[in-house]
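In: predicted model and sequence follow; I will ask about them next.
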Amino acid sequence: MTENTSHKTVAITKIGLVAALYVAVTLVVAPFSYGAVQLRLAEAFNHLAVFNKRNVVALTIGCAIANLASPLGIVDVVFGSLGTLVMTLISYYATRRIKSVPLKLTVSTIICTVMMFNVALELHIFNKLPFWPTYATVAIGELLSMALGAIIIYLVQKRINLTN
């Protein structure tokens, strides 16, 4: 196996691992992972996007697979995953020149929380829920998941190089 092939194999393995973690955490707390009032703890992994662009792919795949269990089904697979792709890409590009890890995690938390409008819009259109109250509840759940995740990811990155 060449060095380039080995590097690709490691990258694909890391993508699979992050995607699997996202799916597992989402499904373990499934009753709280979907709907207008949600606390999707796996969203904490969105912080990984600020360390390596590869994690944008991993998180999008993980979200798509986890959303197969969503009450909205394929709608959530498509639109929820696109939302994850967009918000993690924004987080990656907005933080790539920031050196401070706490600042990277803070920016990521804000971006992901604000971007919950896509989930609220999805629930508004397909479940006929009121947009603003739904946005408030999903944004609060996202803020809690991202804040907890920021603490955990900060501690993890002190021991493990998440940029590789």
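Out: It's in. Residues are numbered from 1 along each chain as shown.

In: list the contacts of the most centrally placed residue in the chain.
Out: Geometric centre of the chain, nearest residue: residue 46, 3.5 Å, by Cα atoms, centre = their mean. Applying Cβ atoms under 8 Å, 6 or more residues apart in numbering, we find residue 46 in contact with 59, 84, 87, 88, 91, 108, 112, 146, 149. Backbone N, C-alpha and C define where each C-beta goes, glycine included.

In: and with 10 Å instead?
Out: Taking Cβ atoms under 10 Å, 6 or more residues apart in numbering, we find residue 46 in contact with 22, 40, 55-56, 59, 63, 84, 87-88, 91, 108-109, 111-112, 115, 142, 145-146, 149, 153.

In: so which of the residues you listed sit within helices?
Out: 22, 55-56, 59, 63, 84, 87-88, 91, 108-109, 111-112, 142, 145-146, 149, 153 (DSSP state H).

In: stretch 118-132 - what's its average pLDDT?
Out: For stretch 118-132, mean pLDDT rounds to 97.

In: got a list of contacts for that stretch?
Out: By Cβ under 10 Å, 6+ apart, the residues outside stretch 118-132 that reach it are 34-36, 38, 40, 70-73, 75-76, 78-80, 82-84, 86-87, 117, 133-139, 141-142.

In: buried residues of that stretch, list them for me.
Out: The neighbour-count check on stretch 118-132 (16 or more other Cβ atoms under 10 Å) flags 118, 119, 120, 122, 123, 124, 129 as buried.

In: in the chain, what spans have low per-residue confidence?
Out: Within the chain, the stretches with pLDDT under 70 are 1.

In: go again with 80.
Out: 1-3 (pLDDT under 80).

In: how near is the residue nearest to residue 56 when sequence neighbours are not counted to residue 6?
Out: Leaving aside its chain neighbours, residue 56 sits nearest to residue 88 (4.5 Å; criterion: Cβ to Cβ, 6 or more residues apart in numbering). Separation of residue 88 from residue 6 (Cβ to Cβ, to the nearest Å): 26 Å.

In: more neighbours, those two?
Out: Ranked by neighbour count (other Cβ atoms under 10 Å), residue 88 and residue 6 place residue 88 first, with 28 against 10.

In: OK, contacts around the more buried one?
Out: 45-50, 53, 55-60, 63, 108, 111-112, 115.

In: now with 7 Å, please.
Out: Residues near residue 88 by Cβ atoms under 7 Å, 6 or more residues apart in numbering: 46, 49, 56, 59.
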